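Asker: I'll drop the sequence and a predicted model, then ask my questions.
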Protein chains: 2
Amino acid sequence: MATIRDVARKAKVHPSTVSRVFSGKASISEATRKRVLSAAENLGFQPNAIARSLKTQKTHTIGMVVPHVFEGFFDDSFFPQIMRGMLEAAYQHHFRLIVSGSQGYTDEISQIKDIMRSSQADGIVVMSSRLDVDTVDRLLELDTPFVLIGHPPKENHHQISWVDADNQIATRKAIQHLINLGHKQIAYVGGDPKNLTTRERQQAYEDTMRASGLAIEPNWIDYGYFDEPGGYTAVQRMKTLGNNAPTAYYAANDLMAVGILRALTELGRCVPEEVSVMGTNNSYLSQHTTPALTTVDVPYAEIGKKAVELLITQVTNLNKTPSSYLEDCHLVLRSSTGPVASSNQPDQSGRSH
Amino acid sequence: MATIRDVARKAKVHPSTVSRVFSGKASISEATRKRVLSAAENLGFQPNAIARSLKTQKTHTIGMVVPHVFEGFFDDSFFPQIMRGMLEAAYQHHFRLIVSGSQGYTDEISQIKDIMRSSQADGIVVMSSRLDVDTVDRLLELDTPFVLIGHPPKENHHQISWVDADNQIATRKAIQHLINLGHKQIAYVGGDPKNLTTRERQQAYEDTMRASGLAIEPNWIDYGYFDEPGGYTAVQRMKTLGNNAPTAYYAANDLMAVGILRALTELGRCVPEEVSVMGTNNSYLSQHTTPALTTVDVPYAEIGKKAVELLITQVTNLNKTPSSYLEDCHLVLRSSTGPVASSNQPDQSGRSH
DNA sequence: ATTGACAATGCAACCGATTGCACTTATAAT
DNA sequence: ATTATAAGTGCAATCGGTTGCATTGTCAAT
């Protein structure tokens, strides 16, 4: 590969002149510019990104780490969509993404630290939604800018940048939708109780129930760990509640909702006539289930995009102060939710609407 | 960030000694190693990856470019699964992925060239399945190792490394499955006729039909450009063929098969009783359609993994000779295919099995 | 005619590691 | 005791760019 000195020799100028031609920022006479450019063209020269990075201390690269061992990560639209948004924003600013695999949550953090300490990226998008204060604090010490996708621990809310779906409002909209249909026995099937998003959604679920004066039955709450069997087994567990079994299920992702659908179908319960089911994410899967899944659209691509935009303004020094964004989610009404069956609430069927 | 000189000063050794401690390859007395390590620990030092790359001319990075503007790319399991496999292999060899967005096919090539010429990656996985000889030749000139996911132009078969699904056998298995069910009027809904994979599959489709002595009707061949509406409109077009309409559809991905399913459902044709439908990819979507989709599993994760493994052996000089792999695909029998309806072949229903 | 401003270019140090070579010291072989 | 060998470390050049500073040349203003 040709270097800047080769080009300089061929164009009979000093290497620094070649550098200036390619930087575009300095004043260069039209004549030498032409000469340099044609010499470069001739040699197939392009500035070496590594050398440039070393000198300028900028890699034009945003890091991210993906736990490649979690297969579900790649099935649900979650990761691909975030990635798409990140790529879009990065591309617009002439950045690239550097992505590392990881074997799990703790490894994820060490990979992030490794990228930071070895200066492989100007900034990092952190996707772990299991962060605790200590971890965040230690990340902060490394002072490589990062933005979190998801919610930070309460203590760090104003110390770091983050962007997340407005899970609270999203969940409220979902639960309220079910309540409006007359449901009173509503199950919440979360992902992983260690996951902050899961906890946040659960909180919103409980708040919304309470706000409508509905009781919260611990048996209506379960965790499906984001996969299809998880939703399936949640139903298995709850069916034993007899009359007290939920008339509606809200799942923290579509995949678990699909599992719920499958379990219900096997039990011979009709959706939405007897039981309503809602998912989350509006994954493309949700359009094609039977019945098509009512869900809440989470703009993951937007979130990913926003995250790297934030990061890029931070690394280009336009604005170093931490900021955060809550992206709006909206209901996608399809065919898996309907009015509560009258048999489920014999004493007040008149009131349903 | 602390540099190697800071550590050297603190440990009272020469920077080269620090370097040797971290390289692990040189002989260092236990005493100084301890001293250096603790100084490094103390300063939070870790070798700067950029500087190291500059000197060693190795980035420990594999490049890839993703056309982020094609949303379908991120919906189908194709891209996420390849990515997962790539990450897995990269991780095992302590490599990372550097990924660039792109606005389309031609931009994809220029991004690849840019990564190569700026030495941002040791090797590149090229995913474009529309390569022509000229493009490949020009890529070859840049002599950064690359491996192609998908089929190379015939002329380059032995010049470059590539790994692909064995589309030919996969398609043959699929079509043969339909033929075995008694179908004679089988539609092929491909992706994009410019796509080599699409052409390869179409070839296998035609060969298999011919091998069974079946006629090939040009009207049974259409392109759905990999998305759901594409499958849908293919059916719209073919339904006008009346008695000559296909009794079975084979789609080059599951998403189009879903579109086919939807169109058929709207037309009131029962699947699989009246019409059979097959998809390709065994995406997680295919498990959850109604009826569940018979499909052919394409081991994308394996392909991605193999691609970067190949690349890594090449960049670490273990083996520079081009090689190629064809990954096996297998049928996933579910509920969208069945024996041809007797009304569709009134004159030979006795022969169907 | 003199001065000042600025455009155009060269010079050389620097970014943070790596590594071939040389040197010293300790250990083993003769 | 002498020599060969290897271990342990330092020196300095190098990877391929960038950039502050110095220098020269040009042109306009006074």
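Answerer: On my side now, so go ahead. Numbers count the residues shown, from 1 in each chain, chains lettered A, B, ... in the order given.

Asker: Tell me which helix or strand the closest residue to A:E71 other than its chain neighbours sits in.
Answerer: For A:E71, ignoring the flanking residues on the chain, the nearest one in space by Cβ to Cβ, 6 or more residues apart in numbering or on different chains is B:R84 at 7.2 Å. Bear in mind the C-beta positions are built from the backbone N, C-alpha and C, glycine included. Assigning secondary structure by DSSP states H and E places B:R84 in helix B:78-92.

Asker: ok, now A:G63?
Answerer: Here A:G63 is assigned to strand A:61-66, by DSSP H and E.

Asker: residues in contact with that strand?
Answerer: A:73, A:79, A:86, A:90, A:95-102, A:108, A:111-112, A:115-116, A:120-127, A:308, A:311-312, B:87, B:98 (Cβ atoms under 8 Å, 6 or more residues apart in numbering or on different chains).

Asker: That one to helix A:78-92, inter-axis angle?
Answerer: 170 degrees (axes from the mean of the first three to the mean of the last three Cα atoms, to 10 degrees).

Asker: hang on, the earlier thing: among the contacts of strand A:61-66, which ones lie close to DNA strand D?
Answerer: Contacts with DNA strand D within the contacts of strand A:61-66, counted by Cβ under 7 Å from any atom of the strand: none were found.

Asker: So which of those belong to strands?
Answerer: Members of these lying in strands (criterion: DSSP state E): A:96-101, A:123-126, B:98.

Asker: now A:S110, nearest residue through space, not along the chain?
Answerer: A:S102 (8.0 Å).

Asker: got a list of what that neighbour touches?
Answerer: A:65-69, A:108, A:110-111, B:91.

Asker: so what's the backbone phi/psi at it?
Answerer: Note on A:S102: its backbone torsions stand at phi -160, psi 160 [degrees, to the nearest 10].

Asker: That one and DNA strand C: what is the separation?
Answerer: A:S102 is 23 Å from DNA strand C, where distance means Cβ to the nearest atom of the strand, to the nearest Å.

Asker: ok, how many other residues are close to the residue of the stretch 151-300 of chain A found nearest DNA strand D?
Answerer: Here the residue of the stretch 151-300 of chain A nearest DNA strand D is A:S161; by Cβ to the nearest atom of the strand that distance is 25.6 Å. Around A:S161 there are 23 other residues, counting by other Cβ atoms under 10 Å in any protein chain shown.

Asker: and the helix or strand of chain A with the lowest mean pLDDT, how far out from the chain's middle?
Answerer: In chain A, no helix or strand scores lower on mean pLDDT, DSSP states H and E than helix A:72-75, which sits at a mean of 78. How far helix A:72-75 lies from its chain's middle: 12 Å, per Cα atoms, centre = their mean, to the nearest Å.

Asker: where are the low-confidence patches of the stretch 201-350 of chain A?
Answerer: Counting by pLDDT under 70, the ranges of the stretch 201-350 of chain A that qualify are A:343-350.

Asker: Which positions in it make contact with chain B?
Answerer: A:255, A:258, A:284-285, A:288-290 (Cβ under 8 Å from any Cβ of the partner chain).

Asker: These into a markdown table, with extra columns for neighbour count?
Answerer: Converted to a markdown table, those look like this (neighbours: other Cβ atoms under 10 Å in any protein chain shown):
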| residue | neighbour count |
| --- | --- |
| A:L255 | 30 |
| A:V258 | 26 |
| A:Y284 | 20 |
| A:L285 | 29 |
| A:H288 | 22 |
| A:T289 | 24 |
| A:T290 | 15 |
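
Asker: A:M278 and A:L178 touch, don't they?
Answerer: Yes. Using Cβ atoms under 8 Å, A:M278 is in contact with A:L178, at 6.7 Å.

Asker: Could you name every residue contacting both of those two?
Answerer: By Cβ under 8 Å, 6+ apart, the residues touching both A:M278 and A:L178 are A:248, A:250, A:337.

Asker: Report the secondary structure state of the closest residue to chain B within the stretch 151-300 of chain A.
Answerer: Nearest residue of the stretch 151-300 of chain A to chain B: A:T290, at 3.8 Å (Cβ to the nearest Cβ). Under DSSP: H, G, I helix; E, B strand; the rest coil, A:T290 falls in the coil class.

Asker: do the same with the one 5 residues further on
Answerer: In the three-state summary, A:T295 is assigned as strand, counting by three-state DSSP.

Asker: Equivalent analysis for the one 10 residues further on, please.
Answerer: Counting by three-state DSSP, the backbone at A:K305 sits in helix.

Asker: was I right about it contacting A:M86?
Answerer: Yes. Because the distance of 6.7 Å satisfies Cβ under 8 Å, A:K305 is recorded as touching A:M86.

Asker: quick one: which of the two has more around it?
Answerer: A:M86 (29 against 24).

Asker: residues contacting the residue nearest to the more buried one when sequence neighbours are not counted?
Answerer: The shortest distance from A:M86 to any non-neighbouring residue, by Cβ to Cβ, 6+ apart, is to A:G304 (4.1 Å). Applying Cβ under 8 Å, 6+ apart, we find A:G304 in contact with A:81-86, A:88-89, A:125, A:149.

Asker: Mind doing that once more with 10 Å?
Answerer: The neighbours of A:G304, taking Cβ atoms under 10 Å, 6 or more residues apart in numbering or on different chains as the test, are A:64, A:79-90, A:125, A:127, A:149, A:163.

Asker: Go through stretch A:49-69 and flag the buried ones.
Answerer: A:49-54, A:59-68 (16 or more other Cβ atoms under 10 Å in any protein chain shown).

Asker: Next, give phi and psi for the residue nearest to A:I169 when sequence neighbours are not counted.
Answerer: Sequence neighbours aside, A:C329 is the residue nearest to A:I169 in space, at 6.9 Å (criterion: Cβ to Cβ, 6+ apart). Per-residue torsions, A:C329: phi -110, psi 150 (degrees, to the nearest 10).

Asker: Beta-bridge partners for the nearest residue to A:S323 once chain neighbours are set aside, please?
Answerer: Using Cβ to Cβ, 6+ apart and skipping residues adjacent in sequence, the residue nearest A:S323 is A:S161, 5.6 Å away. Taking DSSP bridges as the rule, A:S161 bridges to A:V147.

Asker: wait, isn't A:S161 in contact with A:L139?
Answerer: No. Checked against Cβ atoms under 10 Å, the pair A:S161 and A:L139 is beyond contact range at 11.9 Å.

Asker: Give the residues shared as contacts by those two.
Answerer: With Cβ under 10 Å, 6+ apart as the test, A:S161 and A:L139 both reach A:146, A:148.

Asker: for DNA strand D, what are the nearby residues on the stretch 51-200 of chain A?
Answerer: A:51-52, A:54-56.

Asker: Export those as JSON lines, with columns for pLDDT, secondary structure and distance to A:Y225.
Answerer: Formatted as JSON lines, these follow (pLDDT from 0 to 100; DSSP: H, G, I helix; E, B strand; the rest coil; distance: Cβ to Cβ, whole Å):
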{"residue": "A:A51", "pLDDT": "97", "secondary structure": "helix", "distance to A:Y225": "46"}
{"residue": "A:R52", "pLDDT": "96", "secondary structure": "helix", "distance to A:Y225": "44"}
{"residue": "A:L54", "pLDDT": "97", "secondary structure": "helix", "distance to A:Y225": "44"}
{"residue": "A:K55", "pLDDT": "96", "secondary structure": "helix", "distance to A:Y225": "47"}
{"residue": "A:T56", "pLDDT": "95", "secondary structure": "helix", "distance to A:Y225": "44"}
